[in-house]
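Chemist: A predicted structure for the sequence below; I have some questions about it.
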Amino acid sequence: MTLSLDVVTLGVPEVQAAHIFYKAAFSPTAADHGRHVRLDLHGAGQVALHGIEALAADAQAEPATSGFRGYVLSFIVSQPREVETVLNAAFQNGARVLKPAKKSLFAGFSAVYQAPDGAIWKLAAPIRKDTGPAGEPPLPTETALFLGVAEPNVSKVFYTALGMIVDRDYGSKYVDFRLAPGTCRLGLLPRQVLAKDAGVGEAGTGFRAMVLTCETGSRAEVDALVAAAVSAGGRVAVAAGETEQGYSGHFTDPDGFLWKVVSA
């Protein structure tokens with residue numbers, strides 16, 4: 001029994017409009033299911049686009065959201081030119097640039113934008129100078145989801161209790177977990193630090209318009225993960241049961257981030 005971040009599900013105002021934006025920004029392959037779209041970011045992570053009201057209703061939450069949602073998604077490429085290419089594509093299709101592309105002291109080369117649906121994305125390359133032509137399209141070496149939490153060490157204890165394995169641990173500053181093939185890395189930072197890095201204020205309220213989705217192989221695994229989350233300090237948001245999509249349940253972590261565990 002191990003919790004895994006198989007899909008980052010975003011709540012968006014209009015699914016097809018969001019699909020057009022992300023297709024322009026990242027050139028993913030997509031499975032269009034009408035009410036939702038699932039994007040494969042070139043084998044480096046899965047993002048699903050759902051209507052925000054439907055996503056909130058599924059989690060038995062109110063859809064209203066304002067300010068910083070407490071998370072930042074990251075699309076990591078090989079070199080600076082590719083950061084600029086992705087940022088330009090996003091900007092031309094309606095994104096708002098929060099931090100322009102530039103060299104950074106410790107993190108190579110990066111930029112931050114806010115998508116039309118409200119999600120914040122950080123584009124990053126580990127080096128400051130180009131080493132060759134940009135990919136067409138630029139392909140990610142990795143994707144990541146960073147959560148702004150009260151205390152990374154406390155959240156680390158919660159996630160390791162659910163079977164996640166720590167990769168890098170910098171105590172109260174930063175913690176992340178071992179990356180599984182084809183999935184998005186999960187990282188934990190103090191909320192104030194994450195907001196500052198994204199170029200926004202840390203205040204925010206309401207629904208985060210995001211659900212972290214774990215796909216399991218059986219109903220028993222769904223029940224076991226939800227029970228383990230509660231034992232580790234989480235809270236049941238929606239009791240496990242049958243739905244149109246399969247058997248699923250929702251829980252929140254100690255900082256209120258919402259997870260859906262589902263068995264198709």
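Modeler: Nice, I can see it.
Chemist: work out which residue lies at the spatial centre of the protein.
Modeler: Leu145 (3.9 Å; CA atoms, centre = their mean).
Chemist: in the sheet, who's paired with that one?
Modeler: Leu73, Leu186 (DSSP bridges).
Chemist: for it, give its distance to Ala30.
Modeler: According to CB to CB, to the nearest Å, Leu145 and Ala30 sit 19 Å apart. Every C-beta, even on glycine, is put in place using the N, C-alpha and C of the backbone.
Chemist: which stretches of the protein aren't confidently modelled?
Modeler: Filtered on pLDDT under 70, the chain yields the residue ranges 105-107.
Chemist: outline the domain layout of it.
Modeler: What automatic domain parsing lists as the domains of the chain is 64-209, 216-223+236-264.
Chemist: same list, those domains, but as JSON lines with distance to Leu10 please.
Modeler: Output for the domains of the chain, formatted as JSON lines (distance: least, CB to CB, whole Å):
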{"stretch": "domain 64-209", "distance to Leu10": "6"}
{"stretch": "domain 216-223+236-264", "distance to Leu10": "12"}
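Chemist: which parts of the stretch 151-264 of the chain are helices?
Modeler: Listed in chain order, the helices of the stretch 151-264 of the chain (DSSP state H, counting those that start in this stretch) span residues 152-161, 191-198, 219-231.
Chemist: what comes into contact with the longest one?
Modeler: Contact partners of helix 219-231, identified using CB atoms under 8 Å, 6 or more residues apart in numbering, comprise 1, 3, 158, 161-163, 214, 216, 236, 240, 247-249, 251, 253, 259, 261-263.
Chemist: just those: which are in strands?
Modeler: Cys214, Thr216, Val236, Ala240, Tyr247, Ser248, Gly249, Phe251, Trp259, Val261, Val262, Ser263 (DSSP state E).
Chemist: quick check on those residues: which are buried?
Modeler: Neighbour-count burial within the ones in strands among the contacts of helix 219-231 applies to Cys214, Thr216, Ala240, Tyr247, Ser248, Gly249, Phe251, Trp259, Val261, Val262, Ser263; the criterion is 16 or more other CB atoms under 10 Å.
Chemist: quick check: bridge partners of the nearest residue in space to the fifth one that is not next to it in sequence?
Modeler: Just to be clear, that refers to Ser248. Spatially, and ignoring its direct neighbours in sequence, Ser248 is nearest to Val262 (3.9 Å; CB to CB, 6 or more residues apart in numbering). The partner list for Val262 in beta bridges (DSSP bridges) reads Glu215, Ser248.
Chemist: and Val262, how far from Ala232?
Modeler: Counting by CB to CB, the gap from Val262 to Ala232 is 19 Å.
Chemist: Arg219 too?
Modeler: In terms of CB to CB, Arg219 sits 21 Å off from Ala232.
Chemist: with Ala61 instead?
Modeler: Ala61 sits 21 Å away from Ala232, going by CB to CB.
Chemist: neighbour count for those two, which is higher?
Modeler: Higher neighbour count among Ala61 and Ala232: Ala61, with 21 against 17, using other CB atoms under 10 Å.
Chemist: so who does Arg128 touch?
Modeler: So Arg128 contacts Pro80, Lys103, Gly108, Phe109 (CB under 8 Å, 6+ apart).
Chemist: are any of those residues buried, and which?
Modeler: Pro80, Gly108, Phe109.
Chemist: among those residues, which one sits closest to Val200?
Modeler: Nearest to Val200 among those is Phe109, at 20.3 Å by CB to CB.
Chemist: please, which helix or strand holds the closest one?
Modeler: Counting by DSSP states H and E, the element that carries Phe109 is strand 108-114.
Chemist: strands paired with that strand, and their directions?
Modeler: strand 96-104 (antiparallel), strand 120-125 (antiparallel).
Chemist: thanks a lot, see you next time.
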